[in-house]
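Q: Could you look at this predicted model? Sequence included:
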Amino acid sequence: FAHSPRHSARLHPGAWPAMALMHAVPSKIVALATAVSFSSLALASSAPAGLSSFASEPEAVDAIKGFDLASVEASEIELLVHRGWHSVVREYVLRSHADGEVQSQRASSQVRQAVQGERNKLDDLIRVLDRNYGKAAEVTPASQWAQNSTHAFLAVKFAQRWNAPGALEVENETISITECCFNFTAFGEHSFIRRRYHLSMELHRDVVPGSSTWSWAAAGRMTVIFAKAEAAKWPGLLRRSAEAPKNLGVWRDMQEKWDQELKKFRKAKNETAKKQASEKQPDEPTASKTGKGKQKKKKVDEDTEEDDDAIDREAELLSNCPRSTFSGSAVAELCERGWGEVVEKPRIKGRRWLVEFYSSQGDGNSESMKQLMPVWRRLADVFPSMTPRGRVGALDCGLHQILCGRLGLSLSSLPQIWRFTRAGHTVWEGSLGASIEDFGAFGGQDAEVRAGGAEL
């Protein structure tokens, strides 16, 4: 360019020495550029490569001894775990322990995350073996409830039974609390099976949705607090007890916490009712009649309060009995807990029980039990209207053999029907194919009493 006639005249005079030097030593300039290029390549090759870039696991194990652990990213550990280079990961962890607490914690987090991710992938392979993979199994979650005068409390566990393991967490939850009802749906997983947890309840009385709350609890549970629209003691959580799920029980710890509050509430309510009634009571002509009237009214109030307590106590004891064959009906499923207080010596005055003894375990005459079941369900609906204080129950001797044995019942003699009052019991000796009217008439009959006063 310098020697070109076309451009030489345009060069500044001071440029000639420099151009002469370039022309004189072009080979040295090229050599210098080449040296710089190779030097850059050398520096690049000396930079630490990723542990997963080595051709074999032993090479990576040897390389990690002089490796900068701070440069190892979580994605690198995930790749090593996925590849199965566990010796490299183990060496990485051991070295991180020696590099201080910060690096040790960092390595621990990386390895745990990588192992969990790989475990999830392997678990998913196991799930694919199930033909129903991806389809959620329907589950009614176990629940327990309690109450005070102003609130009802519901604990829900993501399992079919309260004492059984279940999903530790759920997702895609839908929770609705309205004036009448509570609805809950969520998805969880347990034992490699995806489950859809669903609970739908029509509450005993109205609640205030805006003042009702729910929250997640530990160990795969949730808690719901319903604000009652009106202060009261509910006889049960649901409007129709026959629709109660089998796995709905009493939340004992919570209920014991509020028992005293409920007693005070009932006492205050009764005193208010008495005061209001006395204010409306017309003046009697004589003091003697007024005194008798007050005594009579006091006696009625005391009897009413006593009956309310007895009914609540009976409902509480029955809620402890496991649901069996007659779940979803008005038949009270009985058990050994509270048997004496509920059936043999009931606290409810005038209580009469018609009880079917049967077995769900295949004992006795299974055909007769099968034919009797729809009759017994229907009888439970109509017997209380046929006989005041009458109620229909059932005892599964297959599950409660000790109690049935104490009553003198053998499994081979089932089914049997007994009538219970406070005086004792009477055994049905008619046909098990009798009508609802026949059974109802038997339940309402006066008890046959032996000499000495014991009922058969």
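A: Received it, and whenever you're ready, just let me know what you need.

Q: And the helices in the stretch 101-250 of the chain?
A: 101-128 (DSSP state H, counting those that start in this stretch).

Q: so where do the strands sit in it?
A: Listed in chain order, the strands of the stretch 101-250 of the chain (DSSP state E, counting those that start in this stretch) span residues 137-139, 142-147, 151-157, 170-177, 181-190, 193-202, 213-217, 221-227, 248-250.

Q: which of the ones you listed is buried the deepest?
A: For the strands of the stretch 101-250 of the chain, the largest average neighbour count (mean count of other C-beta atoms under 10 Å) is found in strand 142-147, namely a mean of 23. Using the backbone N, CA and C atoms, a C-beta is placed for each residue, glycine as well.

Q: same question for that one, mean pLDDT?
A: For strand 142-147, mean pLDDT is 94.

Q: now swap in stretch 278-294 and tell me
A: 57.

Q: just stretch 445-456 next, same as before
A: 40.

Q: where does the stretch 1-150 of the chain have low pLDDT?
A: For the stretch 1-150 of the chain, the stretches flagged by pLDDT under 70 are 1-49, 130-134.

Q: change it to 50
A: Within the stretch 1-150 of the chain, the segments meeting pLDDT under 50 span 1-48.

Q: And for the stretch 151-300 of the chain?
A: In the stretch 151-300 of the chain (pLDDT under 50), the answer is 287, 300.

Q: quick one on the thing from earlier: now the strands of the stretch 101-250 of the chain in a markdown table, with distance to Leu238?
A: Shown next, in a markdown table, are the strands of the stretch 101-250 of the chain (distance: least, C-beta to C-beta, whole Å):
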| stretch | distance to Leu238 |
| --- | --- |
| strand 137-139 | 19 |
| strand 142-147 | 9 |
| strand 151-157 | 11 |
| strand 170-177 | 15 |
| strand 181-190 | 10 |
| strand 193-202 | 6 |
| strand 213-217 | 18 |
| strand 221-227 | 12 |
| strand 248-250 | 8 |
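
Q: Run a quick neighbour tally on Asn163.
A: 7 (other C-beta atoms under 10 Å).

Q: now swap in Ala219 and tell me
A: Ala219 has 10 nearby residues by other C-beta under 10 Å.

Q: cool, and Lys135?
A: Applying other C-beta under 10 Å, I find that Lys135 has 11 neighbouring residues.

Q: Could you pull out the strands in the stretch 251-400 of the chain for me?
A: 332-333, 352-358, 390-396.

Q: These into a markdown table, with extra columns for mean neighbour count?
A: Shown next, in a markdown table, are the strands of the stretch 251-400 of the chain (neighbours: other C-beta atoms under 10 Å):
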| stretch | mean neighbour count |
| --- | --- |
| strand 332-333 | 20 |
| strand 352-358 | 25 |
| strand 390-396 | 25 |
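
Q: which stretch in those strands is the model least sure about?
A: strand 332-333 - the lowest mean pLDDT of these, at a mean of 92.
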